[in-house]
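Asks: I would like to see how this sequence folds:
(3 chains)
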Amino acid sequence: MSVKLDLIYILDIFFIISVFVIETEGLVKFFGHIKALDDLSIHVPEGISGLIGPNGAGKTTTINILAGLVKPTSGKARVLGLDVWSESLGIRRKTRFMLEGQALPKSVRVFTFLNHVAKLCGSDREEVLKVLGIVGLKDFVDRRIESLSAGMMQRLRLAQALLGSPELIILDEPTANLDPIGRVEILELIAKMNKEYGINFLVSTHILPELEEIAGWVSIIDKGKAVIEGKPGEIIPRGLYNEYRIISSNNKRLMMLLRERGFEVEDKGGYLLVKSDIHWRLYRVLGELEEYRIYVYKIEAVGTSLEEVFRKVIVGE
Amino acid sequence: MSKILDLLRLEYDLTWRYLTLGMVYALIFIAYTASLNVTTGILTLYGGSIVYLQDVASSYMYSFFLLIGLSSYIYSKSIASQISNGLIKTILCYPISRRRLLITKLVTNYLVFLPSGILPELYLQFLYGVDMKVFIALILVFAVKLLFSSTLAILFSVILREPLMSLIGSMLTLYTFEIAPGFLWSIHAEKIAKMLSLNYLIVVLYRALSSPNFLKTIMELDALATVLFSIVFPCIFFLSSLFLFEKMDLD
Amino acid sequence: MINMIRALAVALIACGIGLLVSSLIRGYTTWTNNESIPCIMGKSFKLLDGVWAPRNIYLNVVVERGEADIKLYSNGKFLREWNNTNGFIERLQITERGHSYLLIKMIKADRNCTVSAKISFYGMERDLLTHAVFILIIGIILYILSMVKERRVALIAILIFFVLSIRPVYSVPVWMKPGTYAVYTANSFMSIMFVNGTIIQGDWKSYLMWKCINISGSQATLLVNFTLVNSSGKIVLSVMDYVRVNLNNRKVYYKGKEIGMTAMFLWPIPHKYEEVNLTRVYEKNIKGKVEKTNVMFIPGYGHQKAVSVRYNYTVVGFFNNHNYTLQGEGVSVLYDTDTGILLCGELDLEPLFIVAGVNTMTGNHVTLKKTNVDIGPSDMATEIYFLAMKILFVAIVIAPIVIAIYILRRKRSH
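Replies: This is a model prediction of the structure:
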């Protein structure tokens, strides 16, 4: 198995990828007696990349090490060619981070906070206003951060990461706390920023389908070790998960509307089972259905857990 | 320079709310102006400067006691609380070195605290026309005490990383420092008591300011150790905090 | 910048509230001080020497195995005396914060004679409350300025308010018109030296009246009446004559000759810490310094704001075969802050006395008895003090209710 993985990795290195924005070699991190990272070696190329792993896989520890917040016990890690511990300040001049559940100063107003961040990153208030427009927070500039909803808070976290014209943005679970439409918007925004401004992204998530459409590279880690790296289309076959469970405010009406738009839908009692080969198509249609006052409470892809992916793709079950 | 100012502003916005600022200033003002000459009745202006100095200084002690609690609270809020809730991680994701961040925290909160001790003293100067040397001695000692309690509170915040525990820890330690000289005096360990007593520094500074040779008077009063203690200890506290903070894992 | 102004405003408001609270705490705290001193015959000494707060005092003095003349000086002014006493209990009010003491002179003293004094202070300190309100107002204005979007308009409005509240300054007192008059009385132990060299001492009552008869340019003609009544009520001296006063420089001319500079008014009204030439009789000159503004109760006129001019003087002279020395330390005279007219104070030297042939009057503590000069309404600060007290008590009652409602509403909104 490992020979197969190494081969993919070597092929990618020599024939596809020329520059790594992030590389780690034999990264080990102990928290007391707990081994959070176990000889982790990943190589992230330019463009949009994903760092995928189940909860407790070591994603957040990896990102904390990349941000210079945590010192690795052993091993090396470089971001944009700079060492993560000794040259951390240099990294943070070129890289922005959005950490999982990142704490924000609750009593400060949205604009004041972003203005402070802009000044620290050598930017100005014009860029703050621009970024506020991009993330859709322009109407909330005078609000105190504590008064924002969880979704708004997540947009603010993204906004602070966009300031200061970074070369690389590392996002830890950026779509957490967002509704389905919000998730699509954020992912589209990432793709747009990459395309228009050439910003590289490393997106950490435990929801695999989210990255399928936008990421050019995926590193899957588990139990502090790299499991597989490569292009998503190559390591995960398309159509692996094409069924979605949806719970909405009016399942019957939603079923009718989805059928009108060409989806195969089954009513399973408490939820609808929808077949869609393209993940984003379903999300966009659901967004359009808002005008019918149908609210989607929950949407999840069937068989998207990483354990299932591992079983299907890596172990070959 | 503008970067430093930006950092100071950020730290001020993160730590201070107008209500907190108002509470701190009001409490210190109340403690000082309410207690002045309550115990002695008449402010002895012409009965000898030292008697008068001791009268004013004894009233200042109430503010010092309060200052200990307030500075412990603010630094635990600014450092321990931000470490525990992750806000410090957010700030350290921007291009700021850890050293600069900790220095900014000390400087900002120190600068916000300092006028809270100067304002009531200025008012008393206006009200009673206090001797300028007394005024300078009191302000200097307030500044030294504030530095002492600030650096110790920072050290506790960095070590304990938990707001309540660091608040309790630094408050207890500072109060111990406050009452230790009295206890040492009672067991006739005058030399150590003098060294640890920052209150004794008020008398020392006043006498040194009144004399033509500042340093000679300090030596004569056997107060060099007190002066060194008040300068060296905050430095040790802060350097230790810096060392620990730079090595710390912010997981 | 705006945040800094707002922070300063908050600090000022906090200090104002702090001062208000501390003045309340102090107001409800009774301070007591004791002092006891062994004494010998003929010796003068001070007791309870220090800065006294402007509060009510309860004074208990005991002279054991002896008798003493005791004088109370408050803020440099003689306030009260007790002669040949072996003790007393007295309640008094100190109106100004300042250096005060009991001056004790032993008349009779046995062996082991001691004087002990106990003083208790109680009641509010008015100056603290006034300062608290002042600091609060400044803080609130600054806060409003930092909040208002049209900051320039607000700033201009405040400036206009202050400019309008400043009175224009004229070179001569505007209130001096034909018919203007003022009557002063003094009733104390005085030592009067006449120009002919006669010296009389005793408890006298003196009346000094001046009335403006005519004004020509800056020259005013005043009719001066000086009457001296002895302790049995008999008029000893009553003289009336005209003098000319230059309203620009207060110089007094009598029978065509300059005799000095009057202390009956000060114009323009001096600022705090300003040095002023207070009075002059021939070459004998007294200079003073404006120390502070006080509130002085004048019967019939209420609490009037006054500038306190303090002076020390030693005048040594030789007159009509007599050597004389006039001495005064920390003596104060008070002038109305609106008009500059003399309200009260010790006036030993004054050129208007020359009209009655009086050279000096030691211990002449005059008080304004009557005048038709509009010295203004009762002092605003005192009014604010009473208003603040009322508001404060209402606030103490209402605040817990408001806070409770706020907390309830906040909980509901959450």
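
Asks: just the element for the closest residue to residue C:288 other than its chain neighbours, please.
Replies: In space, and not counting its chain neighbours, residue C:288 is closest to residue C:311: 3.6 Å by CB to CB, 6 or more residues apart in numbering or on different chains. Every C-beta, even on glycine, is put in place using the N, C-alpha and C of the backbone. Element membership of residue C:311, judged by DSSP states H and E, is strand C:302-319.

Asks: what does residue C:73 give?
Replies: Using DSSP H and E, residue C:73 sits within strand C:56-74.

Asks: would you map the helices across the chain?
Replies: Reading this off chain A. Using DSSP state H, the helices of chain A run over residues A:2-11, A:59-66, A:88-94, A:110-120, A:125-135, A:150-162, A:180-197, A:208-212, A:232-235, A:251-260, A:279-288, A:306-309.

Asks: let's do chain C instead
Replies: If DSSP H is used as the criterion, the helices of chain C fall at C:2-27, C:126-147, C:151-165, C:380-413.

Asks: need the residues of the stretch 101-250 of chain B near chain C, please.
Replies: B:115-116, B:119-120, B:123, B:127-128 (CB under 8 Å from any CB of the partner chain).

Asks: got the end-to-end distance for stretch A:266-286?
Replies: 16 Å (CA to CA, to the nearest Å).

Asks: thinking residue A:261 is in contact with residue A:284, fair?
Replies: No: using CB atoms under 8 Å, residue A:261 is not in contact with residue A:284; the gap is 10.3 Å.

Asks: pLDDT wise, what is residue C:112 at?
Replies: Confidence at residue C:112, expressed as pLDDT, is 82.

Asks: leaving out chain neighbours, which residue sits closest to the closest residue to chain A within the stretch 151-251 of chain B?
Replies: Sorted by distance to chain A under CB to the nearest CB, the residues of the stretch 151-251 of chain B start with residue B:250, at 4.2 Å. What sits nearest to residue B:250 in space, not counting adjacent residues and going by CB to CB, 6+ apart, is residue A:69, at 4.2 Å.

Asks: now the phi/psi pair for the one you found, please.
Replies: Backbone torsions of residue A:69, given as degrees, to the nearest 10, read phi -90, psi -30.

Asks: thought residue B:225 was touching residue B:196?
Replies: No: counting by CB under 8 Å, residue B:225 does not reach residue B:196; the two are 9.2 Å apart.

Asks: who has more neighbours, those two?
Replies: Set side by side, residue B:225 and residue B:196 show more neighbours around residue B:196, with 24 against 14, by other CB atoms under 10 Å in any protein chain shown.

Asks: isn't the more buried one up against residue B:177?
Replies: Yes: between residue B:196 and residue B:177 there is a contact at 6.6 Å, judged by CB under 8 Å.

Asks: quick check: residues of chain C near chain B?
Replies: C:3, C:6-7, C:10-11, C:13-15, C:17-19, C:21-23, C:25-26, C:29, C:31-33, C:48-52, C:97, C:99, C:119, C:121, C:127-128, C:131.

Asks: and for residue C:59, the neighbour number?
Replies: Residues near residue C:59, counting by other CB under 10 Å: 19.

Asks: for it, what are its contacts?
Replies: C:72, C:88-92, C:102, C:117-119 (CB atoms under 8 Å, 6 or more residues apart in numbering or on different chains).

Asks: center of chain A, which residue is that?
Replies: With distances taken as CA atoms, centre = their mean, the residue of chain A nearest its centroid is residue A:203 (3.5 Å).

Asks: is it true that it touches residue A:47?
Replies: No: under the criterion of CB under 8 Å, residue A:203 is not in contact with residue A:47, lying 11.1 Å apart.

Asks: confidence score at the residue nearest to residue A:106 when sequence neighbours are not counted?
Replies: Excluding the flanking residues, the one nearest residue A:106 by CB to CB, 6+ apart is residue A:146, at 3.8 Å. Residue A:146 is assigned a pLDDT of 90 by the prediction.

Asks: need the residues of the stretch 101-250 of chain B near chain A, please.
Replies: Counting by CB under 8 Å from any CB, the stretch 101-250 of chain B sits next to chain A at B:247, B:249-250.

Asks: closest to chain C out of those?
Replies: residue B:250 (28.5 Å).

Asks: torsion angles phi and psi at the closest one?
Replies: According to degrees, to the nearest 10, residue B:250 has phi -100, psi 70.

Asks: ok, it - contacts?
Replies: By CB under 8 Å, 6+ apart, the contact list for residue B:250 reads A:64, A:69-70, B:83, B:88-89, B:92.

Asks: output the below-cut-off pLDDT ranges for the stretch 1-150 of chain B.
Replies: B:1, B:37-55, B:129-130 (pLDDT under 70).

Asks: swap the cut-off to 50 and go again
Replies: Under the criterion pLDDT under 50, the flagged ranges of the stretch 1-150 of chain B are B:39, B:45-47.

Asks: what are the ranges of the helices in it?
Replies: Using DSSP state H, counting those that start in this stretch, the helices assigned to the stretch 1-150 of chain B run over residues B:2-15, B:18-35, B:49-75, B:81-85, B:87-92, B:98-128, B:132-160.

Asks: can I get those helices in a markdown table including mean neighbour count?
Replies: Output for those, formatted as a markdown table (neighbours: other CB atoms under 10 Å in any protein chain shown):
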| stretch | mean neighbour count |
| --- | --- |
| helix B:2-15 | 17 |
| helix B:18-35 | 22 |
| helix B:49-75 | 21 |
| helix B:81-85 | 20 |
| helix B:87-92 | 21 |
| helix B:98-128 | 19 |
| helix B:132-160 | 23 |
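
Asks: how near is whatever residue of chain A ends up closest to chain C to residue B:91?
Replies: Chain A approaches chain C most closely through residue A:112 (9.0 Å), counting by CB to the nearest CB. Using CB to CB, to the nearest Å, residue A:112 is found at 14 Å from residue B:91.

Asks: circling back: now the helices of chain C as CSV including mean neighbour count and mean pLDDT?
Replies: Shown next, in CSV, are these (neighbours: other CB atoms under 10 Å in any protein chain shown; pLDDT from 0 to 100):
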stretch, mean neighbour count, mean pLDDT
helix C:2-27, 20, 84
helix C:126-147, 19, 84
helix C:151-165, 11, 66
helix C:380-413, 12, 71
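
Asks: for residue A:249, find the nearest of those.
Replies: helix C:380-413 (26.0 Å; CB to CB).

Asks: point out where chain C drops to low pLDDT.
Replies: For chain C, the ranges with pLDDT under 50 are C:167-169.

Asks: which residue sits closest to the residue in it positioned nearest to chain A, ignoring its sequence neighbours?
Replies: Chain A sits closest to residue C:3 of chain C, with a gap of 9.0 Å, by CB to the nearest CB. Nearest-residue entry for residue C:3: residue B:9, 7.5 Å, with adjacent residues in sequence omitted and distances by CB to CB, 6+ apart.

Asks: for residue B:207, what are its contacts?
Replies: Contact partners of residue B:207, counting by CB under 8 Å, 6+ apart, are B:217, B:221.

Asks: three-state assignment of it?
Replies: Of the three states, residue B:207 takes helix according to DSSP: H, G, I helix; E, B strand; the rest coil.

Asks: how much space between it and residue B:134?
Replies: Counting by CB to CB, the gap from residue B:207 to residue B:134 is 11 Å.

Asks: likewise residue C:309?
Replies: With CB to CB as the criterion, residue C:309 and residue B:134 are 27 Å apart.

Asks: on that earlier part again, the residue nearest to residue A:106 against residue A:109, yeah?
Replies: No: between residue A:146 and residue A:109 there is no contact, the gap being 10.1 Å when judged by CB under 8 Å.
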